[in-house]
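[1] please work out how this folds:
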Amino acid sequence: MKTEVREITPTVANEMLKRNINNRKPSESHIGFLSKEMRAGNWKFDGQPLRFSDNGGLLDGQHRLYAIVKSKTTQKFLVLTGINSDAFHVMDTGKQRTGGDVFGINGVQNAKVCAAAVKIIMSHNRGHNAGAGDSKISNTDLWEFFNENRVIEDIVKSSHALYLEFNRVLPLTAIVAFRFLMSEKNVLILIIFGGLFVLD
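    Down below sits the predicted model:
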């Protein structure tokens, strides 16, 4: 097996994709998300490799290569060649890092709740479904928004009592998001029997 770090241009990516024979069908939404991250400069070299088999076939990395082509950017990647073809069956079985994982790594208390609430807030502010493709909210997006609005961490702490008082009718993440959004509009939120009433 051989390894090298290479600058992958759209032209090189297209050449590599010609060896993409037995992979799963590409996900257009995932390609859109990755290309958005690349265009925004959020994509960083992290050592995650493009992997090729001992017969030259592309085993892992098709979505990243398609994203390079779509974004028209050049990205640095570790390239592994000469991998046993049988290894293809055990690739991509790991757990993807979530926003909650990122928040926790950075020492945020109630990391999962904070990350989920931020996603609700950002989805609302963007006015569209933030679940896939170009509209998908990345971990970088979540972290940047949270750092600009650290009051969310305090809202999470103060919302626990409200969550329990009203018998867990609404998820804690939704309560936090609603309180943050309404605080921007200077209104008071009352959650009664699962209903949301907004008073001026």
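[2] mind listing what the longest strand along the chain pairs with, with the direction of each?
    Using DSSP state E, we find that the single longest strand of the chain is strand 75-83. As defined by DSSP bridges, the strand partners of strand 75-83 come to strand 2-8 (antiparallel), strand 49-53 (parallel).
[3] next SSE after the last one?
    On the C-terminal side of strand 49-53, the nearest following helix or strand under DSSP states H and E is strand 58-60.
[4] from the chain's centre, how far out does that next one sit?
    The chain centroid and the centroid of strand 58-60 are separated by 22 Å under C-alpha atoms, centre = their mean, to the nearest Å.
[5] pLDDT weak spots in the chain?
    Residue ranges of the chain with pLDDT under 70: 86-96, 128-135, 184-200.
[6] ranges for the helices of it?
    10-17, 28-40, 62-71, 99-105, 111-126, 139-148, 151-165, 172-184 (DSSP state H).
[7] okay, those in CSV with mean neighbour count and distance to Leu50 next?
    In this view, the C-beta of every residue, glycine as well, is placed from N, C-alpha and C. Listed next are these as CSV, based on neighbours: other C-beta atoms under 10 Å; distance: least, C-beta to C-beta, whole Å:
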stretch, mean neighbour count, distance to Leu50
helix 10-17, 16, 7
helix 28-40, 19, 13
helix 62-71, 22, 7
helix 99-105, 18, 24
helix 111-126, 20, 29
helix 139-148, 17, 21
helix 151-165, 15, 37
helix 172-184, 19, 36
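[8] out of the ones you listed, which gets nearest to Asn55?
    When the helices of the chain are compared by C-beta to C-beta, helix 10-17 sits nearest Asn55, at 14.4 Å.
[9] and that closest one, what does it pack onto?
    Helix 10-17 makes packing contacts with helix 62-71 when contacts are defined by 3 or more C-beta pairs under 8 Å, 6 or more residues apart in numbering; DSSP states H and E.
[10] the helix it packs on packs against which elements?
    The contact analysis (3+ C-beta pairs under 8 Å, 6+ apart) places helix 62-71 against helix 10-17, helix 28-40, strand 75-83.
[11] Throw these into a markdown table and include distance to Ala117, thanks.
    What follows is the helices and strands packed on helix 62-71, written out as a markdown table (distance: least, C-beta to C-beta, whole Å):
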| stretch | distance to Ala117 |
| --- | --- |
| helix 10-17 | 37 |
| helix 28-40 | 21 |
| strand 75-83 | 32 |
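[12] and those: which comes nearest Ala115?
    Judged by C-beta to C-beta, the one of the helices and strands packed on helix 62-71 that comes nearest to Ala115 is helix 28-40, at 17.0 Å.
[13] dump the residue contacts of Leu78.
    For Leu78, the contact set (C-beta atoms under 8 Å, 6 or more residues apart in numbering) comprises Thr3, Glu4, Val5, Gly47, Gln48, Pro49, Leu50.
[14] need the residue closest to the centroid of this structure.
    Centrality entry for the chain: nearest residue to the mean C-alpha point is Ser138, 3.3 Å, by C-alpha atoms, centre = their mean.
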